[in-house]
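J.: Requesting a structural model of the entry that follows:
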Amino acid sequence: MPKRAYQFLVLFLIAIGLSACDPTCDAGSLLPPDLVSPDWREVVDGSAAVLEWDYPDACDPEEYEIILSQYRDYSVIEHTLLVPGDTTTLTTPALDNAEEYWWRVRAKVGSTFGGYSGQLRSFFTLPYCSAGDLIAPYPQFPVSHDMYDNTRDSFEWYWPLNDCIPESYRIEVSRDSDFIDDEYNGATGSPGTRWGLGSAPPPATKMWWRVSAYADGTWGPTGTEHFFYTAPACEGTDMVAPTLVSPADGAVVTAADQVLEWSWPPLSCVPDDYHVQVAEDPAFTILFDDHIGTAANWTLYGHQDPFADCQTYYWRVAMVHDGIDGAFSPSWSFHVDLNGTCNLSAIPGIAEVNFFCRKGTYAAFEPLWTVEAGQRVMAVGLNPQSNYVLLNILDQNTNKPFIPEIKCWAFIGYINPGWPEKPEGHEYDFKVLPVVIPPNPPDEESCRTDLGREECKAAGGSYQLVGQTTGIYQCVCP
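T.: Numbering: from 1, shown residues only. Coordinates of the predicted model:
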């Protein structure tokens with residue numbers, strides 16, 4: 001029999017001249033009390049707030065314990081109070097003004113406690129704000145890039161003043177960042193700082209929300225507007241490769257803090273994690289950055305450390321679910337040139353045959369370097385006829401240019417574009433290299449040691465015997 005019904009019976013017996021006593025509850029069968037008032041999010045006078053509950057049995061515990069906290073999870077307790085078991089009301093000590101208090105009750109017999117009241121109930125203390133007191137609330141969830149699941153989540157915000165409370169709040173939810181068309185527009189009807197959608201929102205949709213306070217017939221300013229994504233999150237079978245957006249493949253960037261941007265194809269779900277890789281080589285064996293982000297549907301990433309000047313970077317992005325990467329996007333590259341003084345953009349290649357790399361495109365130029373078949377090279381320019389490439393010779397142990405650099409020309413047919421570990425599906429083309437004008441051919445009339453007698457004389461040299469024992473003549477130039 002509920003305690004209230006039992007108390008009514010006791011009063012009736014007293015009225016007719018009989019008496020009854022409440023039995024003491026058994027410690028092993030204590031029940032959680034039922035909260036009566038204040039009601040959900042009711043506003044009370046904190047100087048003398050009256051709490052009331054009911055015990056769902058005909059017996060009396062020896063005592064009731066009442067807990068009050070300003071935190072929903074009771075992580076900090078403001079008051080712990082005991083009252084005799086034959087009463088179900090309590091007038092609290094003076095409470096802080098303009099605060100939300102959570103409260104619960106449990107029965108006690110001896111050293112044994114029963115369970116707490118089941119309702120997670122709170123009330124607010126006066127005073128209300130006037131119109132001139134209103135400021136913008138602070139949104140707490142969802143904030144930009146969060147995912148919202150209407151089956152378990154609610155919109156939450158924080159009221160920053162501690163000397164008054166609003167009478168209510170208005171929440172606006174829209175697919176438009178300018179809120180021209182509010183898909184959802186509601187009010188709390190109380191100072192409560194949580195609110196849920198009355199119907200399920202469209203899935204996998206980007207939406208915006210904002211909140212404002214109400215008091216004394218006036219709406220206050222809105223808080224910061226945030227966007228969020230509606231559930232569901234993508235599962236492993238839903239993962240697809242994103243599309244890289246910026247910087248464009250092969251672009252030259254002039255900012256050390258260049259932001260990487262990509263987009264997701266139309267999906268019926270929202271990616272909950274993403275994986276960005278930035279490397280110094282197209283095979284992604286030398287990683288400059290390897291970042292896994294946890295913000296829903298994120299499409300931008302700014303690396304914390306600056307990109308190095310005169311360095312080429314390769315980057316790609318994948319969706320992540322349960323720590324497993326989906327398909328990576330095709331990789332793109334960009335070259336960092338902060339001041340416009342770096343080397344020309346480069347394309348890797350492999351020598352097909354042995355060849356001399358010369359100062360110019362003519363065989364008359366002396367060889368500057370011998371390149372052997374299978375060695376790696378880096379092409380940095382193309383002659384106007386598109387049949388010779390300017391190479392930056394690489395140290396084969398490090399695959400980096402020598403210091404000082406050795407640059408020379410080679411026939412384009414001697415070199416195959418790309419390295420063996422180039423990303424799948426990525427093709428290189430020397431024809432996209434910037435055009436560089438090679439040196440003019442050597443003057444055929446200039447004096448050289450290999451000229452014949454007449455040519456040597458015409459070039460101003462003298463044809464002389466230079467080896468007495470071998471009988472070899474050559475042109476001796478002045």
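
J.: contacts for stretch 362-378?
T.: For stretch 362-378, contacts defined as C-beta atoms under 8 Å, 6 or more residues apart in numbering pick out 346-359, 391-394, 396, 399, 401, 406, 408-410, 414-415, 419, 439, 441-442. For the C-beta atoms, the positions are set from N, CA and C on the backbone; glycine is no exception.

J.: what stretches of the protein score poorly on pLDDT?
T.: Low-confidence segments of the chain (pLDDT under 70): 1-21, 339-345, 422-426, 443-446, 448-450, 466-472, 478.

J.: need the helices for it, in chain order.
T.: 3-15, 453-458 (DSSP state H).

J.: so how far is Phe113 from Arg72?
T.: From Arg72 across to Phe113, the span is 21 Å (C-beta to C-beta, to the nearest Å).

J.: quick one, which of those two is more surrounded?
T.: Between Arg72 and Phe113, counted using other C-beta atoms under 10 Å, the more crowded position is Phe113 (15 against 12).

J.: Just give the closest residue to that one, not the sequence neighbours.
T.: Once flanking residues are discounted, Phe113 sits nearest to Arg106: 5.3 Å by C-beta to C-beta, 6 or more residues apart in numbering.

J.: Show me what counts as buried in stretch 183-192.
T.: Using 16 or more other C-beta atoms under 10 Å as the test for burial, stretch 183-192 gives Glu183, Tyr184, Gly186, Thr188, Ser190, Pro191.

J.: And those, which is closest to Asp86?
T.: Taking C-beta to C-beta as the measure, Asp86 sits nearest to Ser190 out of the buried residues of stretch 183-192, at 33.0 Å.

J.: For Trp262, which non-adjacent residue is spatially closest?
T.: Computed as C-beta to C-beta, 6+ apart, the closest residue to Trp262 that is not its neighbour in sequence is Pro242, at 4.4 Å.

J.: Relative to Ser168, how far out is that neighbour?
T.: From Pro242 to Ser168 the distance is 42 Å (C-beta to C-beta).

J.: of the two, who's got more company?
T.: Pro242 (21 against 16).

J.: wait, doesn't the more buried one sit right on Trp315?
T.: No: using C-beta atoms under 8 Å, Pro242 makes no contact with Trp315, being 11.5 Å away.

J.: What is the end-to-end distance of stretch 51-60?
T.: 18 Å (C-alpha to C-alpha, to the nearest Å).

J.: In this model His275 seems to touch Asp325, though I could be wrong.
T.: Yes: with contact defined as C-beta under 8 Å, Asp325 reaches His275; the gap is 5.4 Å.

J.: Could you give the number of residues near Cys129?
T.: 23.

J.: What sits closest to it if chain neighbours are left out?
T.: Residue nearest to Cys129 in three dimensions, not counting chain neighbours: Cys164, with 3.8 Å by C-beta to C-beta, 6+ apart.

J.: For the one you found, list the residues it contacts.
T.: Applying C-beta under 8 Å, 6+ apart, the residues near Cys164 are Asn97, Ala98, Pro127, Tyr128, Cys129, Ser130, Asp133, Ala215.

J.: What residues are bridge-paired with the last one?
T.: What that stands for is Ala215. Counting by DSSP bridges, Ala215 is bridged to Thr218.

J.: Distance check, it against Gly223.
T.: Computed as C-beta to C-beta, the Ala215 to Gly223 distance reads 15 Å.

J.: again with Val436
T.: Here Val436 is placed at a distance of 57 Å from Gly223 (C-beta to C-beta).

J.: These two - which one has more neighbours?
T.: Legend: neighbour count by other C-beta under 10 Å for Val436 and Gly223, higher for Gly223 (21 against 16).

J.: ok, that one - contacts?
T.: Residues near Gly223 by C-beta under 8 Å, 6+ apart: Ala136, Pro137, Tyr138, Pro139, Trp157, Arg210, Val211, Ser212.

J.: Next up, the contacts around the third one.
T.: The contact partners of Tyr138, by C-beta under 8 Å, 6+ apart, come to Trp157, Tyr158, Trp159, Pro160, Gly223, Thr224.

J.: likewise the first one?
T.: Applying C-beta under 8 Å, 6+ apart, one finds that Ala136 lies in contact with Ser212, Ala213, Gly220, Pro221, Thr222, Gly223, Thr224.
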